[in-house]
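*Asks:* okay, structure incoming, though there's no sequence with it:
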């Protein structure tokens, strides 16, 4: 298993007890479905050499939900801070919350602070606030955390208009990352074979369509703000690679889903459809949206009917028929649900088809009990999202940063669209 796979399935999802325990920080905001109380609790402003930086503590464990760190990694990471910054930016734009604006600003400063000389980003800091530069999930390299940093900086561009100094730092950080990334992106055109699947070799980690989707998302947001034509070939090449990862069709398993890496699919972070919809707008090419809609129309409903799947591995035989090698139902986490919600909502925004609206709402209801255990995974009173369903009988009641942020990103995306918000709340109230 590569670090591409391992980073996102290790301790962050399993709720393993770690050694650093901290006292909580409290603040709150509740509006509609959105309650920021728990995320506000995970937030802390720290002082590093005179710099006031915002962080998000990575773990929070049942029953007292105090801050928990990790011995190998640290207490906070760019991976979570970047997503929290994006949520707070969205929250500020929707509700005009000054508290969210201030938190977003501090979190962005932390992300910029974590940029290395090579243009990519370190991920973790230790309890003494020193940067973890050596652990495998924290080195400054083109990996998940660097792409999330780019995504959040692209989102932050032009948000803090009154702070010209911060805006300059955001622009400089983006330029530095893109300069390095352009040298790193593969120029390969070779096709590789995994268990009968002919796949691209030019994506991150050769076939990582999931990471590619995050990169496309970041680049499309950046392009809309700066119209930098130099990134269009990158968006196109990554998008073309993702399209090669699509398996099955409306009548044949796995019903048009995009494989995540090699001949495997996993739910977490699988945002290829959303990325292709964004790419189709930027590149003005319907083939990308057509491919995305096939996954949304055929695979997502299958996933929802099955009460979700964690991951599976496929084989393609000589007759080109797909067959299951392995399938695992658990664990199921917020990070699997949010891409379904966001992709479906993007499809609705572009095509105004209520089918996509209903798919987004159906997926979002996972947080409110429409899941294999009929358990609420998100609590509107506390703002906590549990860390996952880990078996046919058990919920992981820890509530770390990633689970909470991914739930809030999905729910605020629903709240932003009046038709989605109404259908969602009406459905909840009828239950």
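*Replies:* Now that the structure is in, tell me what you want to look at. Quick caveat: nothing in here was measured; it's all calculated off a predicted structure.
*Asks:* give me the three-state assignment for residue 269.
*Replies:* Following DSSP: H, G, I helix; E, B strand; the rest coil, residue 269 is assigned to coil.
*Asks:* how close does residue 71 get to residue 127?
*Replies:* Counting by CB to CB, to the nearest Å, the gap from residue 71 to residue 127 is 10 Å. For every residue, glycine as well, the C-beta is placed using N, CA and C.
*Asks:* higher neighbour count, those two?
*Replies:* Taking neighbours as other CB atoms under 10 Å, residue 71 and residue 127 compare with residue 127 leading, 12 against 9.
*Asks:* wait, residue 370 sits on residue 362?
*Replies:* Yes - look at residue 370 against residue 362 with CB atoms under 8 Å: they come within range, at 7.1 Å.
*Asks:* tell me the centre residue of this protein?
*Replies:* The centre of the chain sits closest to residue 269, judged by CA atoms, centre = their mean, with a distance of 5.1 Å.
*Asks:* that residue and residue 214 touch, don't they?
*Replies:* Yes - under the criterion of CB under 8 Å, residue 269 lies in contact with residue 214, with a separation of 7.2 Å.
*Asks:* what sits in contact with each of the two?
*Replies:* The contact sets of residue 269 and residue 214 overlap at residue 144 (CB atoms under 8 Å, 6 or more residues apart in numbering).
*Asks:* list the contacts of stretch 231-243.
*Replies:* Stretch 231-243 is contacted by residues 178, 181-182, 185, 200, 202-203, 209, 212-213, 215-216, 219-220, 222-223, 258, 272, 275-276, 279, 282-283, 287-288, 291 when judged by CB under 8 Å, 6+ apart.
*Asks:* SS state for residue 382?
*Replies:* The three-state assignment at residue 382 reads coil, by three-state DSSP.
*Asks:* quick one, phi/psi of it?
*Replies:* phi -110, psi -20 (degrees, to the nearest 10).
*Asks:* and residue 185, by the same measure?
*Replies:* Main-chain dihedrals, residue 185, degrees, to the nearest 10: phi -60, psi 140.
*Asks:* how about residue 368?
*Replies:* Main-chain torsions, residue 368, degrees, to the nearest 10: phi -120, psi 30.
*Asks:* surely it touches residue 428?
*Replies:* Yes - at 5.6 Å, residue 368 counts as touching residue 428 under the criterion of CB under 8 Å.
*Asks:* so what's the residue count around residue 421?
*Replies:* As a burial measure, residue 421 scores 18 neighbours (other CB under 10 Å).
*Asks:* what sits closest to it if chain neighbours are left out?
*Replies:* Distances taken as CB to CB, 6 or more residues apart in numbering place residue 415 nearest to residue 421, at 5.1 Å, with adjacent residues excluded.
*Asks:* torsion angles phi and psi at the one you found?
*Replies:* Per-residue torsions, residue 415: phi -60, psi -30 (degrees, to the nearest 10).
*Asks:* residues contacting it?
*Replies:* Contact partners of residue 415, counting by CB under 8 Å, 6+ apart, are 32, 33, 34, 94, 421.
*Asks:* average model confidence for stretch 246-264?
*Replies:* Mean per-residue pLDDT for stretch 246-264: 98.
*Asks:* gap between the residue nearest to the centre of the chain and residue 338?
*Replies:* For residue 269, the distance to residue 338 (CB to CB) stands at 9 Å.
*Asks:* residue 112 too?
*Replies:* Separation of residue 112 from residue 338 (CB to CB) stands at 25 Å.
*Asks:* with residue 290 instead?
*Replies:* Distance, residue 290 to residue 338, by CB to CB: 23 Å.
*Asks:* which one of the two has more residues nearby?
*Replies:* More crowded of residue 290 and residue 338, by other CB under 10 Å: residue 338, with 27 against 12.
*Asks:* okay, the more buried one: pLDDT?
*Replies:* Confidence score, pLDDT, at residue 338: 99.
*Asks:* so it makes contact with residue 408?
*Replies:* No - using CB under 8 Å, residue 338 is not in contact with residue 408, being 9.1 Å away.
*Asks:* longest helix anywhere in the chain?
*Replies:* Identified as the longest helix of the chain according to DSSP state H is helix 164-184.
*Asks:* would you map the strands across the stretch 201-350 of the chain?
*Replies:* In the stretch 201-350 of the chain, the strands defined using DSSP state E, counting those that start in this stretch lie at 246-249, 252-258, 264-266, 311-316, 322-328.
*Asks:* now the ones you listed in a markdown table, please, with extra columns for distance to residue 147.
*Replies:* Listed next are the strands of the stretch 201-350 of the chain as a markdown table, based on distance: least, CB to CB, whole Å:
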| stretch | distance to residue 147 |
| --- | --- |
| strand 246-249 | 21 |
| strand 252-258 | 17 |
| strand 264-266 | 17 |
| strand 311-316 | 21 |
| strand 322-328 | 26 |
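*Asks:* so which of those strands gets nearest residue 40?
*Replies:* Closest to residue 40 of the strands of the stretch 201-350 of the chain is strand 264-266 (CB to CB; 30.2 Å).
*Asks:* in the chain, which helix or strand is least confident?
*Replies:* The helix or strand of the chain with the lowest confidence, counting by mean pLDDT, DSSP states H and E, is strand 21-22 at a mean of 37.
*Asks:* hmm, who's touching the strand or helix carrying residue 426?
*Replies:* Using DSSP states H and E, residue 426 falls within helix 418-430. Residues outside helix 418-430 that contact it (CB under 8 Å, 6+ apart): 32-33, 345, 348, 354, 357-358, 360-361, 364-365, 368, 413-415.
*Asks:* pretty sure residue 280 sits against residue 274.
*Replies:* No - judged on CB under 8 Å, residue 280 makes no contact with residue 274 at a distance of 10.9 Å.
*Asks:* drop anything exposed from the contacts of stretch 231-243.
*Replies:* 178, 181, 185, 200, 202-203, 209, 212-213, 215-216, 219-220, 222-223, 258, 272, 275-276, 279, 282-283, 288, 291 (16 or more other CB atoms under 10 Å).
*Asks:* let me see the contact set for the residue nearest to residue 324 when sequence neighbours are not counted.
*Replies:* Taking CB to CB, 6+ apart, and ignoring the residues beside it in sequence, residue 324 has residue 312 as its nearest neighbour in space, at 6.0 Å. Taking CB under 8 Å, 6+ apart as the contact definition, residue 312 lies against 254, 264, 265, 324, 325, 326, 327, 328.
*Asks:* which among the residues you listed end up buried?
*Replies:* Neighbour counting with 16+ other CB under 10 Å marks 254, 264, 265 as buried within those.
*Asks:* now render those as TSV, adding distance to residue 242.
*Replies:* Shown next, in TSV, are those (distance: CB to CB, whole Å):
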residue	distance to residue 242
254	15
264	15
265	13
